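**Q** Okay, sequence plus prediction incoming.
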Amino acid sequence: MVKVLSGGAAQGLAEALADRIRAETGESLSGDFGPVGGMRDRIVGGEDTDFVILSRKLVEDLAATGHVEPDSITDIGDVATGLALRATDPDAPCETADDLRTLLLASDAIFFPDPLAATAGIHFARVLRELGIADAVAPHLRTFPGGIPAMKAMAACEHARPVGCTQVTEIKRIAGVRLIGLLPPGLDLVTTYSAAVTRKATKPEAAARVIALMADPAVAPMRRAIGFLG
């Protein structure tokens, strides 16, 4: 068993590759997926794992503090932050900042991940401030530990006009919600996710092989289908 601690943005890719990982390494992949800040804290706190998948900045920070092997750092791909509606709700424009402001002010519930620990959540909280509507929409904010639980909750909610914001890979993974677009120019966010073998890995060679498979150019079509940009 190879263990990973990963941002939620990579969960769909890990699951899609599970059979290939088992066939090519002889190991099953086990791990936790959630806000990158929380995963970083668990590693710094001493939790054992064979490799990590986090934002490039956090992986580099972990290398600088001796928690991951610097030579093993490998970019998996880029993920944009997107906007979601329920699958049955009508389309709404989101191409410009004005479109987004209108959409959010008209919503009666706004679903997004942890604004303190999740990449998309931290950024979206900043977007609300930059749009000048943070106070106006505060009663409608619904935050969750990660983007996947946020999207699951939105899909099941009974609000009249909900909207969600999180990583595209998390939106596309949940039935009942659909991607309507990316955050508009000037408010957008694209995050590079990188993997690295940890210094405490019990199966470093298998972990390196899993990372290579996830980053393999031949897997690019699968990454794109899941929501990576490349």
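**A** Cool, the structure landed. This one's a predicted model, so the numbers in the text were calculated from it and none came from an experiment. Residues are numbered from 1 along each chain as shown.

**Q** residue at max distance from the center of the chain?
**A** When distances are taken from the C-alpha mean of the chain, Gly26 lies farthest, 27.1 Å away, according to Cα atoms, centre = their mean.

**Q** got the contact list for that one?
**A** Ala206 (Cβ atoms under 8 Å, 6 or more residues apart in numbering). In short, each C-beta sits where N, CA and C put it, glycine included.

**Q** Also the one 5 residues further on?
**A** Gly31 makes contact with 3-6, 14, 49, according to Cβ under 8 Å, 6+ apart.

**Q** quick one: buried residues of stretch 166-181?
**A** 166-174, 177-178, 180-181 (16 or more other Cβ atoms under 10 Å).

**Q** Redo those as TSV? Include distance to Ser55.
**A** Formatted as TSV, the buried residues of stretch 166-181 follow (distance: Cβ to Cβ, whole Å):
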residue	distance to Ser55
Thr166	14
Gln167	11
Val168	15
Thr169	13
Glu170	14
Ile171	18
Lys172	19
Arg173	18
Ile174	21
Val177	23
Arg178	25
Ile180	24
Gly181	22
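
**Q** Domain map for the chain?
**A** The domain map for the chain lists 2-78+193-226, 79-182, with the assignment taken from automatic domain parsing.

**Q** As TSV, these with mean pLDDT would be great.
**A** TSV is the format used below for the domains of the chain (pLDDT from 0 to 100):
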stretch	mean pLDDT
domain 2-78+193-226	95
domain 79-182	97
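
**Q** the strands in this structure, which residues?
**A** Under the criterion DSSP state E, the chain carries strands at the ranges 2-7, 29-34, 51-55, 74-86, 109-113, 141-144, 162-167, 177-182, 190-197.

**Q** between the ones you listed, which one is nearest to Leu229?
**A** With Cβ to Cβ, the closest approach to Leu229 among the strands of the chain belongs to strand 74-86: 4.3 Å.

**Q** Counting by contacts, list what that closest one packs against.
**A** Identification of packing neighbours for strand 74-86 by 3 or more Cβ pairs under 8 Å, 6 or more residues apart in numbering; DSSP states H and E yields helix 119-131, helix 147-156, strand 162-167, helix 168-173, strand 177-182, strand 190-197, helix 204-215.
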